[in-house]
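# Return atomic coordinates for the entry below.
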Amino acid sequence: MALSLGVHVGQQNMPMAELRALWRHLDAAQVDWISAWDHFYEAPPKGGTEPHFEALATLGALAAETRHARIGCLVFYVGYRNPALLAKAATTLDHICGGRFELGLGAGWHIWEASAYGYPFPDVGTRLDMLDEAAEIIRRMLTEDRVTFSGMHFQTDDASCLPKPVQERLPIWVGGLGERRTLEIAARRADGWNAAYVSAAEFTRLNKVLDHWCEVDERDPAAVRRGVNLVFAMAMDEAGVAAERERLGAEWGANAERIIGGSLLCTPDAAVERVLEYVAAGAQEVNIALRAPWNAEALDAYLEVAMPAIRREAA
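Residues are numbered from 1 along each chain as shown. This is a model prediction of the structure:
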């Protein structure tokens, strides 16, 4: 499969009408992928003070508004929804969009919103156990006629999921950076692995860790696609880039250094080289992550100039 260039859109600080117009614009620009994220509150966290839409309902609108791009969520936290329900929702979305839906799963991180909404947020080891169980249930629900499963965290009893997805194998992605559990689960369970906001050097290292786990689990490493999300912080000149750097620092605090390292923090003429660094590191899918507000002129430059150039260079 050719290099995929996508856009990961956080559904916050924008009216739904503007989100829908943005999706249509991105789809017309021939991006390969458009995703939402699974939060109830804004990210980075600000105590639930900014407008934010729920993921599954948002994805229904995204599915109906687009015609070209594959769509999905990077990623659903498995503690918010029963996995059998999530399999049913994924199937429904795949029918709405005509076979373009892909399902992302993760162990979650936003403890503040979970606590506010009354969801348990156990230790990371337990959440990873939940991820492992959920990935098994969902894959079976999407492919088998009936599924009975009794785990520590989730159960199904002779459950069916009809109709089946439009796609013969609806792709499941696992997102996260944990080397011992997350990447092992991705190697064993997933069709793709996504890393968010890491440098090209760190992506290279993690990619090799994933290869190792594929070998341990006797799976062909080529069977797991590799994706990365980069914070979109492009500006049209160096002064604008400096302002974006300052903004990221203020928003992300102690995590700013890592986030900046995984950002498209540059002018349009440097974007091609920056993205190709990740392609050289093994990324088969590169998504820019949009958080409103962003520089609209820089986004259009990325879509109209940088993206075609990246595809030419990567071909």
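
# switch to C-alpha atoms for all contacts and neighbour counts from now on
Fine.

# Which residue lies nearest the spatial centre of the chain?
Centroid-nearest residue in the chain: residue 74, 2.3 Å away (criterion: CA atoms, centre = their mean).

# check contacts around it.
Counting by CA atoms under 8 Å, 6 or more residues apart in numbering, residue 74 touches 8, 35-38, 103-105, 175, 194.

# and which of those is nearest residue 119?
Nearest to residue 119 among these, counting by CA to CA, is residue 38 at 13.9 Å.

# what's the first-to-last distance across stretch 138-150?
End-to-end distance for stretch 138-150: 13 Å, by CA to CA, to the nearest Å.

# Could you measure from residue 54 over to residue 275?
Distance of residue 54 to residue 275, given as CA to CA: 30 Å.

# And residue 179, by the same measure?
23 Å.

# Just among the contacts of residue 74, which is most surrounded?
residue 35 (29 neighbours; other CA atoms under 10 Å).

# For that one, identify the helix or strand it belongs to.
strand 33-36 (DSSP states H and E).

# after that strand, next one along is what?
Next element after strand 33-36 (DSSP H and E): helix 55-65.

# Determine the next helix or strand in the C-terminal direction from whichever strand or helix holds residue 73.
Per DSSP H and E, residue 73 falls inside strand 70-77. Per DSSP H and E, the first helix or strand lying C-terminal to strand 70-77 is helix 83-96.

# who does residue 35 bridge with?
On the basis of DSSP bridges, residue 35 is bridged to residue 8, residue 72.

# which residue ranges form the helices in the protein?
Along the chain, counting by DSSP state H, helices occupy 16-28, 55-65, 83-96, 111-116, 124-143, 182-189, 200-216, 238-252, 256-261, 268-280, 296-301, 307-314.

# Format those helices as a markdown table; extra columns: mean neighbour count and distance to residue 159.
Shown next, in a markdown table, are the helices of the chain (neighbours: other CA atoms under 10 Å; distance: least, CA to CA, whole Å):
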| stretch | mean neighbour count | distance to residue 159 |
| --- | --- | --- |
| helix 16-28 | 16 | 34 |
| helix 55-65 | 18 | 21 |
| helix 83-96 | 22 | 8 |
| helix 111-116 | 15 | 28 |
| helix 124-143 | 20 | 8 |
| helix 182-189 | 23 | 20 |
| helix 200-216 | 18 | 30 |
| helix 238-252 | 15 | 43 |
| helix 256-261 | 17 | 41 |
| helix 268-280 | 18 | 41 |
| helix 296-301 | 16 | 45 |
| helix 307-314 | 15 | 43 |
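
# Export these to TSV and append columns for mean pLDDT.
Conversion of the helices of the chain to TSV gives the following (pLDDT from 0 to 100):
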stretch	mean pLDDT
helix 16-28	98
helix 55-65	98
helix 83-96	98
helix 111-116	97
helix 124-143	98
helix 182-189	98
helix 200-216	98
helix 238-252	95
helix 256-261	94
helix 268-280	97
helix 296-301	98
helix 307-314	96
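
# Adding distance to residue 149, write those helices out as TSV.
TSV is the format used below for these (distance: least, CA to CA, whole Å):
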stretch	distance to residue 149
helix 16-28	37
helix 55-65	24
helix 83-96	10
helix 111-116	26
helix 124-143	7
helix 182-189	16
helix 200-216	25
helix 238-252	40
helix 256-261	38
helix 268-280	39
helix 296-301	46
helix 307-314	43
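
# Nearest to residue 2, out of those?
helix 307-314 (8.5 Å).

# what packs against the closest one?
Judged by 3 or more CA pairs under 8 Å, 6 or more residues apart in numbering; DSSP states H and E, helix 307-314 is in contact with helix 268-280.

# and the helix it packs on with helix 307-314, angle?
Helix 268-280 and helix 307-314 are oriented at 40 degrees to each other (axes from the mean of the first three to the mean of the last three CA atoms, to 10 degrees).

# helices and strands around helix 268-280, which ones?
For helix 268-280, the packing partners by 3+ CA pairs under 8 Å, 6+ apart come out as helix 200-216, strand 263-264, strand 285-290, helix 307-314.

# Would you mind stating the distance between the residue lying closest to residue 213 once chain neighbours are set aside and residue 133?
Excluding the flanking residues, the one nearest residue 213 by CA to CA, 6 or more residues apart in numbering is residue 184, at 5.4 Å. Distance, residue 184 to residue 133, using CA to CA: 13 Å.

# Now residue 287: closest residue in space that isn't a chain neighbour?
residue 6 (4.3 Å).

# What count of nearby residues applies to the one you found?
Neighbour count for residue 6, taken as other CA under 10 Å: 27.

# how much space is there between it and residue 200?
In terms of CA to CA, residue 6 sits 17 Å off from residue 200.

# One more: residue 116?
For residue 116, the distance to residue 200 - CA to CA - is 35 Å.
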